[in-house]
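Trainee: my questions concern the predicted model and sequence given below.
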Amino acid sequence: MNFIFVIIFSLISPASFAAITSDNTSTITKPEITQEATLGPQQLITAIQEKQIELQKQEEKQRRALTALYEVERKVKKTVLEKSRVQNEIEQINWSLQTSEIRIQELQKQVFERKKDLVRRVRVFSKISASDFMNVLMTSKNQSDLKKNLKLIEVLVKNDYQKLKTADLTSKQLKNEMLQLQKQKISLVQKEDQLKTSESEFQKNFNLKSNLVKNLKKSQLFNKKELFRLQSEGREMNLADLGIIDQLFKPSIFELKGQLRWPIQGSIQENFGWIRSREKMYTIKNNGLFIKAAQSSNIRPIFDGQVSAIETLDDIGTVVVIDHGEHVYSVYGVGNTPLVKAGDKVKINTTLAKASLIPQFNDTGLYFELRHYNEPQNPTAWMKGSSL
(Lines give C-alpha, C1' and ligand atoms only; values in the text may rest on other atoms or scores of the structure.)
Protein backbone atom coordinates (compact mmCIF):
# COMPACT_ATOMS: atom_id res chain seq x y z
CA MET A 1 0.00 0.00 0.00
CA ASN A 2 1.32 3.41 -0.90
CA PHE A 3 2.24 5.73 1.94
CA ILE A 4 -0.42 8.23 0.83
CA PHE A 5 -3.14 5.76 1.81
CA VAL A 6 -1.49 5.13 5.16
CA ILE A 7 -1.62 8.86 5.83
CA ILE A 8 -5.22 9.28 4.78
CA PHE A 9 -6.55 6.22 6.51
CA SER A 10 -4.65 6.64 9.76
CA LEU A 11 -2.03 9.09 10.85
CA ILE A 12 -1.31 7.11 13.98
CA SER A 13 -1.54 3.34 13.61
CA PRO A 14 -3.64 1.29 16.06
CA ALA A 15 -0.43 -0.20 17.46
CA SER A 16 0.98 3.28 18.08
CA PHE A 17 -2.16 4.37 19.88
CA ALA A 18 -2.18 1.20 21.94
CA ALA A 19 1.40 1.92 23.00
CA ILE A 20 0.49 5.51 23.87
CA THR A 21 -2.71 4.86 25.76
CA SER A 22 -2.32 1.31 27.14
CA ASP A 23 -6.14 1.34 27.53
CA ASN A 24 -8.55 -1.52 27.14
CA THR A 25 -12.24 -0.89 26.47
CA SER A 26 -14.35 -2.14 29.34
CA THR A 27 -17.68 -3.88 29.04
CA ILE A 28 -20.48 -1.36 28.84
CA THR A 29 -23.33 -1.92 31.25
CA LYS A 30 -26.78 -0.43 31.42
CA PRO A 31 -26.77 2.74 33.57
CA GLU A 32 -28.58 2.64 36.85
CA ILE A 33 -30.85 5.46 37.87
CA THR A 34 -29.40 7.38 40.77
CA GLN A 35 -31.83 7.94 43.59
CA GLU A 36 -32.19 11.52 44.74
CA ALA A 37 -31.15 10.96 48.35
CA THR A 38 -29.02 12.98 50.73
CA LEU A 39 -25.43 11.78 50.47
CA GLY A 40 -22.42 12.32 52.69
CA PRO A 41 -19.29 13.98 51.24
CA GLN A 42 -17.49 10.75 50.42
CA GLN A 43 -20.65 9.16 49.01
CA LEU A 44 -21.20 12.27 46.88
CA ILE A 45 -17.65 12.10 45.54
CA THR A 46 -18.10 8.43 44.65
CA ALA A 47 -21.46 9.11 43.01
CA ILE A 48 -20.02 11.92 40.86
CA GLN A 49 -17.04 9.82 39.81
CA GLU A 50 -19.28 6.85 38.94
CA LYS A 51 -21.60 9.10 36.95
CA GLN A 52 -18.66 10.54 35.02
CA ILE A 53 -17.43 7.03 34.21
CA GLU A 54 -20.95 6.01 33.19
CA LEU A 55 -21.14 8.95 30.78
CA GLN A 56 -17.83 7.89 29.23
CA LYS A 57 -19.17 4.37 28.73
CA GLN A 58 -22.35 5.69 27.18
CA GLU A 59 -20.34 7.88 24.84
CA GLU A 60 -18.33 4.85 23.73
CA LYS A 61 -21.49 2.77 23.22
CA GLN A 62 -23.09 5.58 21.26
CA ARG A 63 -19.97 5.92 19.11
CA ARG A 64 -20.08 2.22 18.27
CA ALA A 65 -23.78 2.40 17.48
CA LEU A 66 -23.26 5.42 15.22
CA THR A 67 -20.40 3.64 13.44
CA ALA A 68 -22.62 0.61 12.84
CA LEU A 69 -25.46 2.90 11.74
CA TYR A 70 -23.15 4.63 9.27
CA GLU A 71 -22.06 1.30 7.78
CA VAL A 72 -25.66 0.14 7.38
CA GLU A 73 -26.55 3.46 5.74
CA ARG A 74 -23.69 2.98 3.28
CA LYS A 75 -24.94 -0.51 2.46
CA VAL A 76 -28.47 0.82 1.92
CA LYS A 77 -27.20 3.52 -0.46
CA LYS A 78 -25.00 1.03 -2.31
CA THR A 79 -27.93 -1.39 -2.68
CA VAL A 80 -30.25 1.35 -3.90
CA LEU A 81 -27.71 2.46 -6.51
CA GLU A 82 -27.17 -1.13 -7.66
CA LYS A 83 -30.92 -1.69 -7.86
CA SER A 84 -31.29 1.49 -9.93
CA ARG A 85 -28.54 0.29 -12.29
CA VAL A 86 -30.25 -3.10 -12.72
CA GLN A 87 -33.61 -1.43 -13.37
CA ASN A 88 -32.02 0.77 -16.04
CA GLU A 89 -30.55 -2.33 -17.70
CA ILE A 90 -33.96 -4.01 -17.65
CA GLU A 91 -35.52 -0.94 -19.29
CA GLN A 92 -32.82 -0.95 -21.97
CA ILE A 93 -33.44 -4.65 -22.64
CA ASN A 94 -37.21 -4.05 -22.87
CA TRP A 95 -36.56 -1.27 -25.38
CA SER A 96 -34.25 -3.54 -27.42
CA LEU A 97 -36.85 -6.31 -27.37
CA GLN A 98 -39.56 -3.94 -28.59
CA THR A 99 -37.27 -2.59 -31.33
CA SER A 100 -36.31 -6.10 -32.45
CA GLU A 101 -39.94 -7.20 -32.47
CA ILE A 102 -40.87 -4.26 -34.70
CA ARG A 103 -37.94 -5.01 -37.01
CA ILE A 104 -38.93 -8.68 -37.28
CA GLN A 105 -42.49 -7.70 -38.19
CA GLU A 106 -41.16 -5.35 -40.89
CA LEU A 107 -38.94 -8.11 -42.31
CA GLN A 108 -41.78 -10.60 -42.29
CA LYS A 109 -43.89 -8.08 -44.16
CA GLN A 110 -41.09 -7.59 -46.72
CA VAL A 111 -40.72 -11.36 -47.16
CA PHE A 112 -44.45 -11.68 -47.69
CA GLU A 113 -44.48 -8.93 -50.34
CA ARG A 114 -41.47 -10.39 -52.16
CA LYS A 115 -43.03 -13.84 -52.17
CA LYS A 116 -46.16 -12.32 -53.72
CA ASP A 117 -44.05 -10.69 -56.44
CA LEU A 118 -42.28 -13.97 -57.09
CA VAL A 119 -45.60 -15.79 -57.38
CA ARG A 120 -46.83 -13.24 -59.90
CA ARG A 121 -43.70 -13.69 -62.00
CA VAL A 122 -44.06 -17.46 -61.92
CA ARG A 123 -47.66 -17.13 -63.05
CA VAL A 124 -46.61 -14.88 -65.94
CA PHE A 125 -43.96 -17.37 -67.04
CA SER A 126 -46.37 -20.26 -66.69
CA LYS A 127 -48.86 -18.62 -69.11
CA ILE A 128 -46.26 -18.53 -71.85
CA SER A 129 -46.37 -21.76 -73.84
CA ALA A 130 -43.20 -23.56 -74.69
CA SER A 131 -43.54 -22.61 -78.35
CA ASP A 132 -44.21 -18.97 -77.47
CA PHE A 133 -41.26 -18.95 -75.14
CA MET A 134 -39.03 -20.47 -77.81
CA ASN A 135 -40.44 -18.00 -80.31
CA VAL A 136 -39.44 -15.12 -78.09
CA LEU A 137 -35.95 -16.51 -77.78
CA MET A 138 -35.61 -17.38 -81.47
CA THR A 139 -36.81 -13.96 -82.65
CA SER A 140 -33.88 -12.33 -80.95
CA LYS A 141 -32.05 -10.25 -83.49
CA ASN A 142 -28.73 -11.81 -82.72
CA GLN A 143 -26.90 -13.96 -80.23
CA SER A 144 -26.08 -10.93 -78.12
CA ASP A 145 -29.77 -10.11 -77.64
CA LEU A 146 -30.43 -13.73 -76.73
CA LYS A 147 -27.76 -13.73 -74.03
CA LYS A 148 -29.09 -10.45 -72.71
CA ASN A 149 -32.64 -11.79 -72.41
CA LEU A 150 -31.47 -14.96 -70.68
CA LYS A 151 -29.21 -12.97 -68.38
CA LEU A 152 -32.09 -10.66 -67.46
CA ILE A 153 -34.27 -13.59 -66.47
CA GLU A 154 -31.43 -15.07 -64.43
CA VAL A 155 -30.76 -11.76 -62.62
CA LEU A 156 -34.43 -11.29 -61.76
CA VAL A 157 -34.67 -14.77 -60.30
CA LYS A 158 -31.40 -14.50 -58.34
CA ASN A 159 -32.27 -11.02 -57.01
CA ASP A 160 -35.62 -12.18 -55.68
CA TYR A 161 -34.06 -15.27 -54.13
CA GLN A 162 -31.24 -13.27 -52.48
CA LYS A 163 -33.62 -10.74 -51.00
CA LEU A 164 -35.78 -13.47 -49.56
CA LYS A 165 -32.75 -15.26 -48.15
CA THR A 166 -31.31 -12.07 -46.59
CA ALA A 167 -34.63 -11.11 -44.99
CA ASP A 168 -35.07 -14.61 -43.61
CA LEU A 169 -31.51 -14.70 -42.23
CA THR A 170 -31.88 -11.27 -40.61
CA SER A 171 -35.15 -12.34 -39.02
CA LYS A 172 -33.50 -15.45 -37.54
CA GLN A 173 -30.59 -13.39 -36.17
CA LEU A 174 -32.99 -10.96 -34.53
CA LYS A 175 -34.94 -13.82 -32.97
CA ASN A 176 -31.69 -15.26 -31.54
CA GLU A 177 -30.76 -11.84 -30.15
CA MET A 178 -34.21 -11.56 -28.57
CA LEU A 179 -33.77 -14.96 -26.98
CA GLN A 180 -30.46 -13.86 -25.42
CA LEU A 181 -32.03 -10.61 -24.25
CA GLN A 182 -34.87 -12.53 -22.64
CA LYS A 183 -32.35 -14.66 -20.73
CA GLN A 184 -30.50 -11.52 -19.56
CA LYS A 185 -33.78 -9.96 -18.49
CA ILE A 186 -34.74 -13.01 -16.42
CA SER A 187 -31.33 -12.90 -14.69
CA LEU A 188 -31.62 -9.16 -14.02
CA VAL A 189 -35.16 -9.47 -12.67
CA GLN A 190 -33.94 -12.14 -10.24
CA LYS A 191 -31.09 -9.87 -9.18
CA GLU A 192 -33.51 -6.97 -8.75
CA ASP A 193 -35.66 -9.11 -6.43
CA GLN A 194 -32.57 -10.05 -4.39
CA LEU A 195 -31.55 -6.40 -4.11
CA LYS A 196 -35.05 -5.43 -2.99
CA THR A 197 -34.90 -8.08 -0.28
CA SER A 198 -31.44 -6.89 0.83
CA GLU A 199 -32.61 -3.26 0.84
CA SER A 200 -35.59 -4.17 3.02
CA GLU A 201 -33.35 -6.06 5.50
CA PHE A 202 -30.80 -3.24 5.61
CA GLN A 203 -33.58 -0.71 6.17
CA LYS A 204 -34.95 -2.72 9.11
CA ASN A 205 -31.45 -2.93 10.58
CA PHE A 206 -31.01 0.80 10.04
CA ASN A 207 -34.27 1.56 11.85
CA LEU A 208 -33.30 -0.67 14.79
CA LYS A 209 -29.91 1.01 15.14
CA SER A 210 -31.48 4.46 14.77
CA ASN A 211 -33.80 3.68 17.68
CA LEU A 212 -30.83 2.41 19.69
CA VAL A 213 -28.95 5.68 19.11
CA LYS A 214 -32.04 7.69 20.12
CA ASN A 215 -32.41 5.72 23.35
CA LEU A 216 -28.70 6.12 24.11
CA LYS A 217 -28.96 9.87 23.63
CA LYS A 218 -31.94 10.02 25.97
CA SER A 219 -30.09 7.98 28.59
CA GLN A 220 -27.01 10.14 28.18
CA LEU A 221 -29.05 13.32 28.61
CA PHE A 222 -30.57 11.92 31.79
CA ASN A 223 -27.13 11.07 33.21
CA LYS A 224 -25.81 14.53 32.36
CA LYS A 225 -28.69 16.09 34.27
CA GLU A 226 -28.05 13.73 37.16
CA LEU A 227 -24.35 14.62 37.17
CA PHE A 228 -25.21 18.31 37.18
CA ARG A 229 -27.54 17.73 40.14
CA LEU A 230 -24.81 15.90 42.06
CA GLN A 231 -22.29 18.63 41.30
CA SER A 232 -24.73 21.29 42.41
CA GLU A 233 -25.26 19.38 45.64
CA GLY A 234 -21.49 19.14 46.07
CA ARG A 235 -21.08 22.90 45.73
CA GLU A 236 -23.34 23.35 48.72
CA MET A 237 -21.01 21.22 50.85
CA ASN A 238 -17.68 22.18 52.25
CA LEU A 239 -15.45 19.84 50.22
CA ALA A 240 -12.37 22.07 50.02
CA ASP A 241 -10.45 19.96 52.54
CA LEU A 242 -10.84 16.86 50.40
CA GLY A 243 -8.63 18.38 47.66
CA ILE A 244 -10.71 17.15 44.75
CA ILE A 245 -12.70 20.24 43.85
CA ASP A 246 -11.14 20.48 40.37
CA GLN A 247 -11.76 16.81 39.66
CA LEU A 248 -15.38 17.02 40.74
CA PHE A 249 -16.47 20.26 39.15
CA LYS A 250 -14.22 20.86 36.17
CA PRO A 251 -16.17 19.96 33.00
CA SER A 252 -14.80 16.93 31.20
CA ILE A 253 -14.12 16.96 27.47
CA PHE A 254 -17.29 14.90 27.02
CA GLU A 255 -19.37 17.48 28.85
CA LEU A 256 -18.02 20.12 26.48
CA LYS A 257 -18.70 18.09 23.33
CA GLY A 258 -20.07 20.49 20.73
CA GLN A 259 -18.57 23.48 22.57
CA LEU A 260 -14.82 22.97 22.03
CA ARG A 261 -12.77 25.68 20.36
CA TRP A 262 -11.28 25.03 16.92
CA PRO A 263 -7.49 24.49 17.05
CA ILE A 264 -6.80 27.09 14.35
CA GLN A 265 -8.56 29.85 12.42
CA GLY A 266 -9.03 28.92 8.77
CA SER A 267 -11.28 27.05 6.36
CA ILE A 268 -11.89 23.31 6.02
CA GLN A 269 -10.54 22.01 2.70
CA GLU A 270 -10.75 18.25 3.31
CA ASN A 271 -13.73 16.87 5.23
CA PHE A 272 -14.02 13.90 7.55
CA GLY A 273 -15.44 10.63 6.23
CA TRP A 274 -15.73 9.05 2.80
CA ILE A 275 -14.48 11.37 0.08
CA ARG A 276 -13.49 11.11 -3.56
CA SER A 277 -9.86 11.63 -4.49
CA ARG A 278 -8.81 14.75 -6.36
CA GLU A 279 -8.52 12.64 -9.52
CA LYS A 280 -12.03 11.23 -8.82
CA MET A 281 -10.74 7.75 -9.56
CA TYR A 282 -11.75 6.16 -6.25
CA THR A 283 -13.39 6.77 -2.87
CA ILE A 284 -11.34 6.78 0.34
CA LYS A 285 -11.97 7.32 4.03
CA ASN A 286 -10.49 10.42 5.61
CA ASN A 287 -10.04 10.12 9.39
CA GLY A 288 -9.63 13.83 10.00
CA LEU A 289 -9.83 17.34 8.55
CA PHE A 290 -7.41 19.53 6.68
CA ILE A 291 -7.85 23.15 7.74
CA LYS A 292 -6.30 25.71 5.43
CA ALA A 293 -4.85 28.66 7.36
CA ALA A 294 -2.49 31.60 6.99
CA GLN A 295 1.24 31.00 7.36
CA SER A 296 2.41 31.05 11.01
CA SER A 297 -1.13 31.00 12.43
CA ASN A 298 -1.24 29.75 16.02
CA ILE A 299 -2.19 26.09 16.53
CA ARG A 300 -3.64 25.45 19.98
CA PRO A 301 -5.09 22.35 21.73
CA ILE A 302 -8.85 21.98 21.81
CA PHE A 303 -8.79 21.08 25.53
CA ASP A 304 -6.35 20.79 28.43
CA GLY A 305 -4.19 17.69 28.39
CA GLN A 306 -0.70 16.24 28.10
CA VAL A 307 1.46 15.69 25.04
CA SER A 308 1.56 11.91 24.62
CA ALA A 309 3.76 11.67 21.56
CA ILE A 310 5.47 13.63 18.82
CA GLU A 311 6.09 11.78 15.58
CA THR A 312 7.20 12.59 12.05
CA LEU A 313 5.41 11.39 8.93
CA ASP A 314 6.80 11.93 5.43
CA ASP A 315 3.75 13.55 3.80
CA ILE A 316 2.52 15.42 6.89
CA GLY A 317 5.61 16.45 8.81
CA THR A 318 5.49 16.69 12.58
CA VAL A 319 2.48 15.18 14.35
CA VAL A 320 1.58 16.09 17.94
CA VAL A 321 -0.70 13.78 19.93
CA ILE A 322 -2.42 15.12 23.08
CA ASP A 323 -4.10 12.96 25.71
CA HIS A 324 -7.15 14.75 27.18
CA GLY A 325 -8.06 11.97 29.58
CA GLU A 326 -11.16 9.77 29.36
CA HIS A 327 -9.45 8.00 26.43
CA VAL A 328 -9.82 11.03 24.16
CA TYR A 329 -6.87 12.09 22.00
CA SER A 330 -6.42 14.93 19.56
CA VAL A 331 -3.91 14.69 16.71
CA TYR A 332 -2.27 17.74 15.11
CA GLY A 333 -0.35 17.43 11.85
CA VAL A 334 1.55 20.71 12.17
CA GLY A 335 4.17 20.16 9.49
CA ASN A 336 7.02 22.09 11.11
CA THR A 337 8.92 21.94 14.42
CA PRO A 338 6.49 22.04 17.38
CA LEU A 339 6.80 24.40 20.34
CA VAL A 340 6.08 21.62 22.86
CA LYS A 341 7.66 18.26 23.68
CA ALA A 342 6.40 14.88 24.80
CA GLY A 343 5.26 14.93 28.42
CA ASP A 344 4.37 18.64 28.49
CA LYS A 345 1.07 19.57 30.08
CA VAL A 346 -0.87 21.98 27.87
CA LYS A 347 -3.80 24.34 28.28
CA ILE A 348 -6.23 25.57 25.66
CA ASN A 349 -4.19 28.77 25.28
CA THR A 350 -0.87 26.90 24.77
CA THR A 351 0.63 27.36 21.30
CA LEU A 352 1.59 23.93 19.99
CA ALA A 353 3.11 25.15 16.72
CA LYS A 354 2.83 27.67 13.90
CA ALA A 355 0.96 26.77 10.72
CA SER A 356 3.20 25.80 7.82
CA LEU A 357 3.10 23.87 4.55
CA ILE A 358 1.60 20.37 4.78
CA PRO A 359 3.08 18.39 1.83
CA GLN A 360 0.17 15.94 1.69
CA PHE A 361 -2.26 18.75 0.84
CA ASN A 362 0.24 21.09 -0.86
CA ASP A 363 -1.06 23.99 1.22
CA THR A 364 -0.51 25.81 4.50
CA GLY A 365 -2.60 24.80 7.48
CA LEU A 366 -3.29 21.94 9.90
CA TYR A 367 -4.26 18.28 9.57
CA PHE A 368 -6.49 17.55 12.57
CA GLU A 369 -7.88 14.30 14.00
CA LEU A 370 -9.90 13.50 17.11
CA ARG A 371 -10.01 9.97 18.52
CA HIS A 372 -11.82 8.16 21.30
CA TYR A 373 -9.66 5.19 22.24
CA ASN A 374 -8.27 4.47 18.75
CA GLU A 375 -11.46 5.22 16.82
CA PRO A 376 -11.60 8.37 14.65
CA GLN A 377 -14.31 10.87 15.55
CA ASN A 378 -15.84 13.53 13.34
CA PRO A 379 -14.22 16.71 14.72
CA THR A 380 -17.14 18.93 13.63
CA ALA A 381 -19.39 17.08 16.11
CA TRP A 382 -17.12 18.17 18.95
CA MET A 383 -16.29 21.72 17.93
CA LYS A 384 -18.35 24.82 18.58
CA GLY A 385 -20.18 25.81 15.42
CA SER A 386 -19.86 24.27 11.97
CA SER A 387 -17.55 27.03 10.73
CA LEU A 388 -14.18 28.12 12.02
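Mentor: Arrived safely, thanks for sending.
Trainee: please count neighbours and contacts with C-alpha atoms only from this point.
Mentor: Noted.
Trainee: now residue 52: closest residue in space, sequence neighbours ignored.
Mentor: Excluding the flanking residues, the one nearest residue 52 by C-alpha to C-alpha, 6 or more residues apart in numbering is residue 227, at 7.3 Å.
Trainee: residue 48 is in contact with that neighbour, correct?
Mentor: Yes. Counting by C-alpha atoms under 8 Å, residue 227 touches residue 48, with 6.3 Å between them.
Trainee: pull up the pairing partners for the helix or strand harbouring residue 369, direction included.
Mentor: For residue 369, the host element (DSSP states H and E) is strand 363-372. Looking at strand 363-372 with DSSP bridges, its paired strands and their directions are strand 289-292 (antiparallel), strand 328-335 (antiparallel), strand 356-358 (antiparallel), strand 375-377 (antiparallel).
Trainee: ok, then the element right after the longest one?
Mentor: Tracing the chain C-terminally past strand 328-335 and defining elements by DSSP H and E, one meets strand 345-346 next.
Trainee: for that next one, what is the distance to the chain centroid?
Mentor: In terms of C-alpha atoms, centre = their mean, to the nearest Å, the centre of strand 345-346 is set 38 Å apart from its chain centre.
Trainee: that one pairs with which strands, parallel or anti?
Mentor: If you go by DSSP bridges, strand 345-346 pairs up with strand 305-313 (antiparallel).
Trainee: show me the domain layout of this structure.
Mentor: 37-250, 253-388 (automatic domain parsing).
Trainee: most tightly surrounded among those domains?
Mentor: Of those, the one with the most neighbours on average (mean count of other C-alpha atoms under 10 Å) is domain 253-388, at a mean of 18.
Trainee: what's the helix or strand for residue 199?
Mentor: Counting by DSSP H and E, residue 199 is part of helix 143-235.
Trainee: other SSEs contacting that helix?
Mentor: helix 41-127, helix 130-138 (3 or more C-alpha pairs under 8 Å, 6 or more residues apart in numbering; DSSP states H and E).
Trainee: one step back: can you list the domains of the chain in JSON lines and add mean pLDDT?
Mentor: Formatted as JSON lines, those follow (pLDDT from 0 to 100):
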{"stretch": "domain 37-250", "mean pLDDT": "74"}
{"stretch": "domain 253-388", "mean pLDDT": "87"}
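Trainee: surely residue 76 and residue 203 touch.
Mentor: Yes. Assessed by C-alpha under 8 Å, residue 76 is found in contact with residue 203 at 6.8 Å.
Trainee: give me the phi and psi for the residue nearest to residue 259 when sequence neighbours are not counted.
Mentor: Excluding the flanking residues, the one nearest residue 259 by C-alpha to C-alpha, 6+ apart is residue 384, at 4.2 Å. Dihedral angles of residue 384 (phi, psi; degrees, to the nearest 10) stand at phi -80, psi 120.
Trainee: show me what contacts residue 384?
Mentor: 258-262 (C-alpha atoms under 8 Å, 6 or more residues apart in numbering).
Trainee: let me know the distance separating it from residue 261.
Mentor: 6 Å (C-alpha to C-alpha, to the nearest Å).
Trainee: same thing with residue 162?
Mentor: 85 Å.
Trainee: next: residue 352.
Mentor: 14 Å.
Trainee: would it be right to say that residue 351 lies in a helix?
Mentor: No. Read with DSSP: H, G, I helix; E, B strand; the rest coil, residue 351 is coil and lies in no helix.
Trainee: go ahead and confirm it touches residue 299.
Mentor: Yes. Contact status for residue 351 versus residue 299: in contact at 5.7 Å, counting by C-alpha under 8 Å.
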